[in-house]
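J.: here are the coordinates; sequence isn't available:
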C-alpha cells in the first residue's frame, strides 16, 4: 500500500523534508488549517478510488473510510461536524452517488461524529480537476464554486472529506465558503494525495 509518510508540510500535507511549511504554504494564507491524506495516489489505491468513483464499486467505501481514521487530527474532540466535498447536481444525477459523501458517512459512523450532506453545495460545475494542468488553473476552476447553505455552521469545527487531493484547491474553495459562513476551523481529509 503506497502510504504517504512524513515529514509533511503541516498545512497542505505534501511531503516536505524539513517538516515545516512548504514554500507555497509559507507564501500564502489559506482558509483550511490542514490537509491530511493516507496514501499516495498511485497503484492499488488509484485503482480502488477509480472503482469507487467511476465503476459504482460503493462497497469499498467502508474500507477506505477505515483508513481515513489514521489521519484524523489529534484534536478530534474539537470537531463538531463532518462534511463531504459536494458534486454538482448534474454530475450527481449522472453518477447516482457522491463518493466523498459515502466516505464521510462511513467516517462519521466510525468516529461517532455527525455528518451533513446538505451544508455545502456546488453552485457551478466547472471542469473536472483531472483535466486541469497547473495549480493556478485548478484554483481558478474552483473559485466561487461552493456555497455554505447551513446557517448553523458558524462557530463549528469542520472535518471536510474527499477521495483525492491533487493540489488542495477544491478543499480550499470549500473551506472558503465555510469560513464565509462563520465556521471556526476546517481540516481536510482525503484517502489519497497526488505527490
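T.: Structure received. For clarity, every value in this text was computed on a predicted model and none was experimentally measured.
J.: Please identify the buried residues of stretch 57-68?
T.: Neighbour-count burial for stretch 57-68 flags 60, 61, 64, 65, 67, 68 (criterion: 16 or more other CB atoms under 10 Å). (C-beta placed from N, C-alpha, C; glycine too.)
J.: Switch those over to CSV; also include pLDDT and distance to residue 180.
T.: Below are the buried residues of stretch 57-68 laid out as CSV (pLDDT from 0 to 100; distance: CB to CB, whole Å):
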residue, pLDDT, distance to residue 180
60, 97, 34
61, 97, 30
64, 97, 30
65, 96, 28
67, 96, 31
68, 94, 26
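J.: Closest to residue 122 out of these?
T.: residue 61 (19.8 Å; CB to CB).
J.: For the closest residue to that closest one other than its chain neighbours, list the residues it contacts.
T.: Excluding the flanking residues, the one nearest residue 61 by CB to CB, 6 or more residues apart in numbering is residue 102, at 3.9 Å. For residue 102, the contacting residues are 52, 58, 61, 65, by CB atoms under 8 Å, 6 or more residues apart in numbering.
J.: will you turn the residues you listed into CSV that also has secondary structure and distance to residue 88?
T.: Output for the contacts of residue 102, formatted as CSV (DSSP: H, G, I helix; E, B strand; the rest coil; distance: CB to CB, whole Å):
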residue, secondary structure, distance to residue 88
52, helix, 18
58, helix, 19
61, helix, 20
65, helix, 23
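J.: Out of these, which two are the most distant from each other?
T.: The widest separation within the contacts of residue 102 (CB to CB) is 11.6 Å, between 58 and 65.
J.: how near is the residue nearest to residue 61 to residue 24?
T.: Residue 102 is 30 Å from residue 24, where distance means CB to CB, to the nearest Å.
J.: now residue 54
T.: 29 Å.
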